[in-house]
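Coordinates only, no sequence provided:
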């Protein structure tokens, strides 16, 4: 997931404190006028023309307070030094990345366009872009795991279907020949019981072999997909599966 750059029309690599306050207050169209009143100072002067923009003064004071208390790195002409002697220097600047990090930490509800792209501005303050990217990665990993489980289930069911067809053909031959087929029945029950154990079991690492957790869910899936086939009914499947599990248990004794 690529993150669009924070590059609004007014974005720069670094800003003077007054410039940052102007952009933060959304007053870029008055920037030249405000800078003309400020006359190179790093703090807004008391001036009647600036009284109409109280948010501008508040933002400027917030930024200057952060500089004084070293909450926001600063320097000169884009080079960070945090030298207190620069606080009154006309060349005082704040880097874009530092200003953005400071705002995320101290004013998480603020998302001015010159620092944050459209995607970031629509995020909840408690949710970061990194968190969204992590969620997307987790989602993709889960999709891969699900695809693997579905593939494993399809393979197991294909085996079951093949064995079932073979058993049905064998049973029909035995029925025609009049043979009781006790050995074939035992083999069939062992195979079915083994497949059920795999479907409902887990690997040595504790990973389920399939998405089925109960015998009832296996029967429900079979009836839903193949209920129109001979022998695929809840009553028959419960009886056959129960018999297979009992038979397999007796073989292990």
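Right, received. Where do you want to start? Because the structure is a prediction, the values reported are computed rather than measured. Residues are numbered from 1 along each chain as shown.

Now that residue 200 has come up, it's in contact with residue 216, right?
No - shown here, residue 200 and residue 216 do not form a contact pair, counting by C-beta atoms under 8 Å, at 10.5 Å. From N, CA and C alone the C-beta is placed, and that goes for glycine too.

of the two, who's got more company?
In this view residue 200 and residue 216 are compared by other C-beta atoms under 10 Å, and residue 200 has more residues nearby, 17 against 12.

count of neighbours near the residue lying closest to that one once chain neighbours are set aside?
The spatial neighbour of residue 200 that comes closest, neighbours along the chain excluded (C-beta to C-beta, 6 or more residues apart in numbering), is residue 212 at 6.1 Å. Neighbourhood size, residue 212 [other C-beta under 10 Å]: 20.

So residue 212, which state does it fall into?
For residue 212, the assignment made with DSSP: H, G, I helix; E, B strand; the rest coil gives coil.

isn't it right up against residue 198?
No - under the contact definition of C-beta under 8 Å, residue 212 does not touch residue 198, with a separation of 10.1 Å.

Look up which helix or strand residue 61 falls in, please.
Assigned by DSSP states H and E, residue 61 belongs to helix 54-68.

Grab the most central residue of this structure for me.
With distances taken as C-alpha atoms, centre = their mean, the residue of the chain nearest its centroid is residue 135 (1.3 Å).

so how far is residue 145 from that one?
For residue 135, the distance to residue 145 equals 16 Å [C-beta to C-beta, to the nearest Å].

Overlap of the contact sets of residue 200 and residue 216?
With C-beta atoms under 8 Å, 6 or more residues apart in numbering applied, the contact sets of residue 200 and residue 216 do not overlap.

Which of the helices or strands spans the residue nearest to the centre of the chain?
helix 129-177.

helices or strands up against that helix?
Other elements packing on helix 129-177 under the criterion 3 or more C-beta pairs under 8 Å, 6 or more residues apart in numbering; DSSP states H and E are helix 182-200.

residues of the helix it packs on that come out buried?
Of the residues in helix 182-200, those buried under the neighbour-count criterion (16 or more other C-beta atoms under 10 Å) are 184-185, 188-189, 191-193, 195-196, 198-200.
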